[in-house]
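**Q** starting from these lines, generate the structure:
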Amino acid sequence: MNQETPLTSSQTDSANIGNRIFFIDLLKAISISAVVFYHAVFFPISTYYAVAIPELILISPLRFCVPVLLTISFFLFERELSKPIVQSNWAICKKRLIRIAIPTGFWFGLASLIQMLKGNSLLELLQEVLTGTIYLGSYFLLILLQLTPVYILVRRFFKSTRNILIVIVLQVIVFIIIKFFTFYGGAFGKTAIATLASIDRPFCIYWFAYMAIGYFLYHRLTALMNLSSSLPTVLRVLMICITAIWIVCEYTNLIPNIGSHFYVFEYAFIACIASVFVAFISTASIQEKQLPRIFATLTRSLSKYSLGIFCVNGILSQGFSLLGQRLFNGMTFNFLEVFAARLIGFMILITASLLISICLKRLGLKACVI
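**A** Got it, this is the predicted structure:
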């Protein structure tokens with residue numbers, strides 16, 4: 001498996017380069033499962049409109065998934081850059097950008113072809129590509145394409161812990177400004193929110209802190225694992241619960257004040273930043289031998305094919321939703337029915353996405369799924 005792939009690499013180092021860190025695989029497996037879970041309802045929104053918001057609030061703690069995946073990406077990138085020098089940083093950056101561009105071109109191209117068959121115009125396709133909405137989750141690859149060269153430029157800045165704190169504080173300020181616009185911005189605030197919404201999720205102002213966090217966690221890995229080992233399970237669970245409640249509170253306040261644009265800002269939470277630290281601290285001491293063999297094997301598979309699963313599930317979900325519109329249009333579902341459907345849809349979607357990714361690898365498309 002190629003270590004430099006953004007959403008992949010089950011190999012990383014603990015104290016020495018080349019040693020495997022199982023918890024990175026575990027975090028990737030959990031995070032990609034959370035991503036798929038979000039995409040797993042195939043009912044038309046009209047069939048469960050009355051319970052859609054409460055259901056989204058219930059699962060909002062899973063919003064840690066994309067921040068964690070981004071942090072892991074820069075964690076692994078920093079590991080690649082920190083190896084004994086055999087080539088320049090820009091050569092490594094170029095190699096990484098190519099590794100991101102290959103799956104981006106493939107999956108964006110496939111999704112564009114599907115949209116063209118549905119009758120979308122070239123202008124609509126261009127807009128969907130630029131805003132990362134050509135398929136569900138496609139914005140993630142656009143974020144990586146933007147921030148990868150930026151990381152090379154600012155990496156030296158992260159050598160100071162104080163500078164890392166500055167970057168995180170700046171990210172928090174950005175989120176606070178967005179909150180200010182939604183609550184007190186008046187006409188200017190509404191215009192600002194509408195403008196940001198038109199740019200959509202790929203805009204890097206929501207994501208730059210995760211570069212610094214990835215750098216920090218990589219260079220504090222031994223201390224991180226020691227800290228995790230020293231914390232009792234009860235305290236870890238408490239940290240996770242507090243963070244989950246924090247995300248719910250931020251999410252609950254977001255929706256009524258930001259209107260139909262709320263989906264663009266679903267990760268613009270201070271709690272999302274905190275969730276990355278909680279996720280790493282809570283799992284850093286977990287070892288593969290502590291888990292049942294079948295669970296460890298599944299974790300490795302989900303981690304290995306996380307890139308393919310991320311892209312395949314986004315396209316499949318849209319296809320299943322079109323089918324759902326034909327099958328369930330005009331029906332009405334309550335909260336429990338929607339949640340049950342999400343669980344069933346999740347099992348179908350993640351299984352299909354994993355199997356398709358494995359098949360694509362065997363067909364020679366390894367770079368698009370690993």
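**Q** center of the chain, which residue is that?
**A** residue 66 (1.9 Å; Cα atoms, centre = their mean).
**Q** and that one, helix, strand or coil?
**A** The assignment at residue 66 comes out as helix when based on DSSP: H, G, I helix; E, B strand; the rest coil.
**Q** give me every residue that touches it.
**A** Neighbouring residues of residue 66 by Cβ atoms under 8 Å, 6 or more residues apart in numbering: 31, 35, 140, 267. Placement of C-beta: from N, CA and C, glycine included.
**Q** swap the cut-off to 6 Å and go again
**A** Shown in contact with residue 66 (Cβ atoms under 6 Å, 6 or more residues apart in numbering): residue 267.
**Q** which helices and strands sit right next to whichever helix or strand residue 360 is part of?
**A** Secondary structure assignment for residue 360, by DSSP states H and E: helix 335-362. On a contact count with 3 or more Cβ pairs under 6 Å, 6 or more residues apart in numbering; DSSP states H and E, helix 335-362 meets helix 22-38, helix 49-59, helix 306-328, helix 366-369.
**Q** can you list contacts of the last one?
**A** Helix 366-369 is contacted from outside by 102-103, 106, 305, 307-308, 357, 360-361, using Cβ under 6 Å, 6+ apart.
**Q** please apply the same query to stretch 86-98.
**A** Residues contacting stretch 86-98 (Cβ under 6 Å, 6+ apart): 4, 80-81, 148-149, 152.
**Q** check stretch 164-180 too.
**A** Residues outside stretch 164-180 that contact it (Cβ under 6 Å, 6+ apart): 158, 205, 209, 212, 216, 268, 270.
**Q** dump the residue contacts of the first one.
**A** Which is residue 158. Residue 158 makes contact with 164, 212, 215, according to Cβ under 6 Å, 6+ apart.
**Q** try it again at 8 Å.
**A** The contact partners of residue 158, by Cβ under 8 Å, 6+ apart, come to 164, 167, 211-212, 215-216.
**Q** how about it: what's its closest non-neighbour residue?
**A** Leaving aside its sequence neighbours, residue 158 sits nearest to residue 215 (Cβ to Cβ, 6 or more residues apart in numbering; 4.2 Å).
**Q** residue 274 now?
**A** Per Cβ to Cβ, 6+ apart, closest to residue 274 is residue 243, 5.7 Å.
**Q** only the buried residues of the host helix or strand of residue 242, if you could.
**A** Using DSSP H and E, residue 242 sits in helix 233-258. Residues 236, 239-240, 243-244, 246-248, 250-251, 254-255, 258 are the ones in helix 233-258 that count as buried (16 or more other Cβ atoms under 10 Å).
**Q** export those residues as TSV, with columns for pLDDT and distance to residue 328.
**A** Putting the buried residues of helix 233-258 into TSV (pLDDT from 0 to 100; distance: Cβ to Cβ, whole Å) gives the following:
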residue	pLDDT	distance to residue 328
236	97	40
239	98	39
240	98	34
243	98	34
244	98	30
246	97	34
247	97	29
248	96	28
250	94	31
251	93	26
254	84	28
255	78	24
258	71	28
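**Q** distance to residue 173 for the residues you listed - can I get that in TSV?
**A** Below are these laid out as TSV (distance: Cβ to Cβ, whole Å):
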residue	distance to residue 173
236	29
239	24
240	26
243	20
244	24
246	18
247	19
248	23
250	15
251	20
254	17
255	22
258	18
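**Q** if you rank the contacts of stretch 86-98 by neighbours, which is first?
**A** residue 148 (21 neighbours; other Cβ atoms under 10 Å).
**Q** re earlier: quick check: the residue nearest to residue 158 touching residue 79?
**A** No - with contacts counted by Cβ atoms under 8 Å, residue 215 stays clear of residue 79, the gap being 10.2 Å.
**Q** the two: who's more crowded?
**A** residue 215 (26 against 22).
**Q** which SSE is that one in?
**A** Assigned by DSSP H and E, residue 215 falls within helix 209-219.
**Q** avg pLDDT for the helix or strand following that helix?
**A** Next helix or strand after helix 209-219 toward the C-terminus (DSSP H and E): helix 221-230. Regarding helix 221-230, the rounded mean pLDDT is 96.
**Q** what's the angle between helix 221-230 and helix 233-258?
**A** Relative orientation of helix 221-230 versus helix 233-258 (axes from the mean of the first three to the mean of the last three Cα atoms, to 10 degrees): 110 degrees.
**Q** now do helix 221-230: distance to the chain's middle.
**A** From the chain centre to the centre of helix 221-230 is a distance of 24 Å (Cα atoms, centre = their mean, to the nearest Å).
**Q** over to stretch 80-93?
**A** 25 Å.
**Q** now stretch 275-286
**A** The answer for stretch 275-286 is 16 Å, by Cα atoms, centre = their mean.
**Q** what residues does that stretch touch?
**A** 22-23, 26-27, 30, 63-64, 67-68, 71, 210, 213, 217, 221, 224-225, 227-229, 231, 236, 239-240, 243, 247.
**Q** now a PyMOL select for only the buried ones of those residues.
**A** Buried residues within these, by 16+ other Cβ under 10 Å, are selected in PyMOL with:
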select buried, resi 22+23+26+27+30+63+64+67+68+71+210+213+217+221+224+225+228+236+239+240+243+247
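**Q** ok, for residue 128, nearest residue in space, not its chain neighbours?
**A** residue 134 is the one closest to residue 128 (Cβ to Cβ, 6+ apart), at 4.3 Å.
**Q** and the nearest residue to residue 197 once chain neighbours are set aside, backbone torsions?
**A** Sequence neighbours aside, residue 261 is the residue nearest to residue 197 in space, at 3.8 Å (criterion: Cβ to Cβ, 6+ apart). Phi and psi for residue 261, reported as degrees, to the nearest 10, are phi -90, psi 0.
**Q** for residue 261, what are its contacts?
**A** Residue 261 touches 193-194, 196-197, counting by Cβ under 8 Å, 6+ apart.
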